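would you be able to build a 3D model of this:
(one chain, ligands or ions: 1)
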Amino acid sequence: MKFIKKDFLWGGATSASQVEGAYDVDGKSLTIAEMRPFNPNLDRKSVHELNNYTRKDYEKSIENKERLHYPKRIGIDFYHRYKEDIALFKEAGMNIYRMSIAWSRIFPNGDEKEPNKQGLKFYKEVFEECKKNGMEVMLTIQHYDVPYPIAKKYGGWSNKQVINLFVKFATVIMKEYKDLVKYWLPFNEINVAPLAPTTGLGIFRENFSSEKEYMNAAYQGLHNQFYAQAKVIEIAKTISSNIKMGCMVANMTTYSSDCNPVNIWENLSSQQMQRYFYYDVMLKGEYPTYSKRYFEEKGIKFEATPEELKVIKENNVEYITFSYYMTSTVSKELKDAAGGNLMLGGKNPFLKATEWGWQIDPIGLRITLNQLWDRYQVPLFISENGIGVVEQLDKNKTVEDDYRIEYLAKHFEQINEAIKDGVDVFGYTMWTPIDVVSLSTNEMSKRYGLIFVDYDDYHKGTGDRFKKKSFTWFQEFMKTKEL
Ligand code: BG6
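Okay, here's the model as predicted:
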């Protein structure tokens with residue numbers, strides 16, 4: 001099969017807290033991501049434990065520095081090895097790199113008057129390196145790494161003061177990097193806010209006396225992010241027409257578990273609140289009626305001023321990006337839960353799953369692309385997709401990862417089909433070009449990369465990089481565009 005689109009962007013995606021390391025270097029503060037120690041007993045099938053983490057746990061983790069291991073403080077040491085990594089991405093044939101910028105390097109406490117020059121310098125050098133190697137940059141401004149001082153002092157995103165801190169940070173970096181970075185995504189997986197408020201918003205359950213208050217704070221935090229994003233888009237227009245602003249949603253496509261209309265409706269209403277709601281707000285600029293009904297019925301309350309709603313209405317994103325890993329099923333009563341890092345859905349007997357229970361569904365990607373195109377008619381970009389597997393280097397210092405080749409090839413085929421269906425999809429960044437620390441389980445051993453990194457879960461190893469079989473396969477695909 002020949003991939004038909006010529007000017008398609010092909011690359012890889014990572015996030016700062018999962019790759020950079022150097023957590024206390026050049027003025028950086030700690031982020032919430034770097035405060036969570038590795039827990040080897042984590043149930044791989046559980047959604048994740050992040051939400052049960054309290055501020056006390058985070059603070060205790062500082063005291064226990066000696067004993068516990070904090071994988072995201074080390075990452076894969078991209079901070080010091082980025083030149084080597086970017087050279088490998090180029091060698092693989094990639095023409096775009098999606099990465100994120102750590103707020104904690106630019107405004108370590110959030111409320112400094114001036115940005116940290118060393119932080120600005122680091123990212124300038126990384127972006128220049130990408131340019132030099134022929135790669136566009138897609139930059140996520142916040143990817144699950146609220147600086148801990150902001151979480152502690154302000155209580156995270158439910159506090160409206162954080163909007164101003166973020167807008168100031170975003171304005172500084174847009175001015176600084178407008179000629180080096182073309183694609184901008186203010187928030188990674190914005191829909192994770194109410195599912196995992198600590199991860200997405202930097203708010204802690206223990207600060208709220210009831211689940212209801214916590215949920216109100218989560219939706220307040222989400223609204224504040226919608227508004228902050230719109231404000232950033234408004235400001236971007238005054239900085240440079242080179243800046244292309246998109247959104248990023250964890251696109252959790254689900255199917256009804258059967259053809260019982262009760263379950264079909266259950267699935268539709270779940271899809272409304274799990275994903276369409278987010279795209280609707282960011283592309284149509286309004287809270288849809290079904291969401292208002294949902295909030296009313298659930299008793300969810302948050303403050304949205306007329307001025308904020310006006311800014312949201314007038315500043316929509318230009319394109320959609322989304323992560324796509326799996327699909328699951330929905331029924332009125334969830335009987336058999338599948339895996340996932342963010343949301344619990346049901347099992348699908350027609351799909352195989354990864355070791356973590358993520359159900360592999362390439363056709364679901366074509367379905368998703370068609371659904372989003374039909375509904376929004378804006379360019380689409382797959383900003384994350386990939387497979388996590390436990391792997392070891394063999395005696396030839398490589399990994400024969402045929403399953404990854406198959407996973408990627410099958411998804412590429414379905415993108416091609418969607419393009420033939422008429423969908424405007426302009427790029428793909430795999431999660432990940434290189435092994436990174438897992439977001440949900442904090443493991444190094446959950447590997448997604450084309451490139452193996454020699455660290456185990458406790459960061460024992462050389463940290464050296466080795467090409468897997470999929471690296472060579474992808475390189476070949478980039479030359480021939482044949483599958
Ligand atoms: C996405 C996140 O939800 O899933 C990434 O944006 C994350 O940060 C990826 O790494 C895979 O999840 P995990 O938990 O396997 O690392």
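
ok, then the element right after the helix or strand of the chain with the lowest mean pLDDT?
Ranking every helix and strand in the chain by mean pLDDT, DSSP states H and E puts helix 55-63 at the bottom, with a mean of 68. Once the chain leaves helix 55-63, the next helix or strand it forms, by DSSP states H and E, is helix 78-92.

got the CA positions of that following helix in CSV?
The C-alpha trace of helix 78-92 is given here as CSV (Å, rounded to 0.1, in the frame of the first residue of the first chain):
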residue,chain,number,x,y,z
PHE,A,78,17.2,14.6,27.3
TYR,A,79,18.3,17.9,29.0
HIS,A,80,21.9,16.8,28.4
ARG,A,81,21.5,14.4,25.4
TYR,A,82,19.0,16.2,23.2
LYS,A,83,21.5,16.7,20.3
GLU,A,84,22.0,13.0,20.1
ASP,A,85,18.3,12.3,20.3
ILE,A,86,17.3,14.9,17.7
ALA,A,87,20.0,13.5,15.4
LEU,A,88,18.4,10.1,15.7
PHE,A,89,14.9,11.4,15.0
LYS,A,90,16.4,13.0,11.8
GLU,A,91,18.1,9.7,10.9
ALA,A,92,14.7,8.0,11.3
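
from the chain's centroid, how far away is it?
Taking the mean of its C-alpha atoms, helix 78-92 sits 20 Å from the chain's own mean (C-alpha atoms, centre = their mean, to the nearest Å).

direction included, what does the helix or strand just after it pair against?
Sequence-wise, the next helix or strand downstream of helix 78-92 (DSSP H and E) is strand 96-100. Paired with strand 96-100 in the same sheet, following DSSP bridges, are strand 9-13 (parallel), strand 136-142 (parallel).

just send these back as CSV, with mean neighbour count too.
All C-beta spots, glycine's among them, are computed from the backbone N, C-alpha and C. Below are the strands paired with strand 96-100 laid out as CSV (neighbours: other C-beta atoms under 10 Å):
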stretch, mean neighbour count
strand 9-13, 24
strand 136-142, 24
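
can you add distance to Gly27 and mean pLDDT and give those strands back as JSON lines?
Below are the strands paired with strand 96-100 laid out as JSON lines (distance: least, C-beta to C-beta, whole Å; pLDDT from 0 to 100):
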{"stretch": "strand 9-13", "distance to Gly27": "26", "mean pLDDT": "98"}
{"stretch": "strand 136-142", "distance to Gly27": "19", "mean pLDDT": "98"}
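
now distance to Lys175 too, for those strands, in TSV please.
Shown next, in TSV, are those (distance: least, C-beta to C-beta, whole Å):
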stretch	distance to Lys175
strand 9-13	24
strand 136-142	13
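
rebuild the ones you listed as JSON lines, extending it with distance to the ligand.
Supplementary listing: the strands paired with strand 96-100 in JSON lines, determined by distance: least, C-beta to the nearest ligand atom, whole Å:
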{"stretch": "strand 9-13", "distance to the ligand": "8"}
{"stretch": "strand 136-142", "distance to the ligand": "9"}
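
any idea how far the residue nearest to the spatial centre of the chain is from Asp57?
Nearest residue to the geometric centre of the chain (C-alpha atoms, centre = their mean): Asn188, 4.2 Å. The gap separating Asn188 from Asp57 is 23 Å, by C-beta to C-beta, to the nearest Å.

could you do Met444 as well?
Distance, Met444 to Asp57, using C-beta to C-beta: 21 Å.

what ranges do the strands span in the protein?
Per DSSP state E, the chain carries strands over the ranges 9-13, 96-100, 136-142, 183-187, 244-250, 254-256, 319-323, 328-330, 380-384, 425-430, 451-453, 465-467.

ok, the last one: who's next to it in the sheet?
When you say that, I think you mean strand 465-467. strand 451-453 (antiparallel).

name all residues that make contact with the closest residue to Val399 other than its chain neighbours.
Excluding its sequence neighbours, the residue lying closest to Val399 (C-beta to C-beta, 6 or more residues apart in numbering) is Lys468, at 4.2 Å. Shown in contact with Lys468 (C-beta atoms under 8 Å, 6 or more residues apart in numbering): Glu391, Thr398, Val399, Glu400, Asp401, Arg404, Gly449, Leu450, Ile451, Phe452.

let's go with 7 Å and repeat that
Taking C-beta atoms under 7 Å, 6 or more residues apart in numbering, we find Lys468 in contact with Thr398, Val399, Asp401, Leu450, Ile451, Phe452.

among the residues you listed, who's most crowded?
Greatest neighbour count in these, by other C-beta atoms under 10 Å, goes to Leu450: 29 neighbours.

contact partners of stretch 296-306?
Contacts with stretch 296-306, where a contact means C-beta under 7 Å, 6+ apart, come from Lys212, Met215, Asn216, Tyr219, Gln220, His223.

could you dump these to TSV with distance to the ligand, neighbour count and pLDDT?
What follows is those, written out as TSV (distance: C-beta to the nearest ligand atom, whole Å; neighbours: other C-beta atoms under 10 Å; pLDDT from 0 to 100):
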residue	distance to the ligand	neighbour count	pLDDT
Lys212	26	13	94
Met215	21	18	95
Asn216	24	20	97
Tyr219	20	21	98
Gln220	22	22	98
His223	21	24	98
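
picking up where we left off before, and Met444 and Asp57? which has more neighbours close in?
The neighbour count for Met444 versus Asp57, taken as other C-beta under 10 Å, is higher for Met444 (24 against 15).

returning to that earlier point: how about the strands of the chain in CSV, adding distance to Gln272?
CSV is the format used below for the strands of the chain (distance: least, C-beta to C-beta, whole Å):
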stretch, distance to Gln272
strand 9-13, 27
strand 96-100, 28
strand 136-142, 25
strand 183-187, 20
strand 244-250, 13
strand 254-256, 11
strand 319-323, 16
strand 328-330, 11
strand 380-384, 19
strand 425-430, 23
strand 451-453, 39
strand 465-467, 43
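
between those, which one is closest to Ala87.
strand 465-467 (10.0 Å; C-beta to C-beta).

for that closest one, give the mean pLDDT please.
Average pLDDT, strand 465-467: 98.

from the chain's centroid, how far away is that strand?
Offset of strand 465-467 from its chain centre (C-alpha atoms, centre = their mean): 24 Å.
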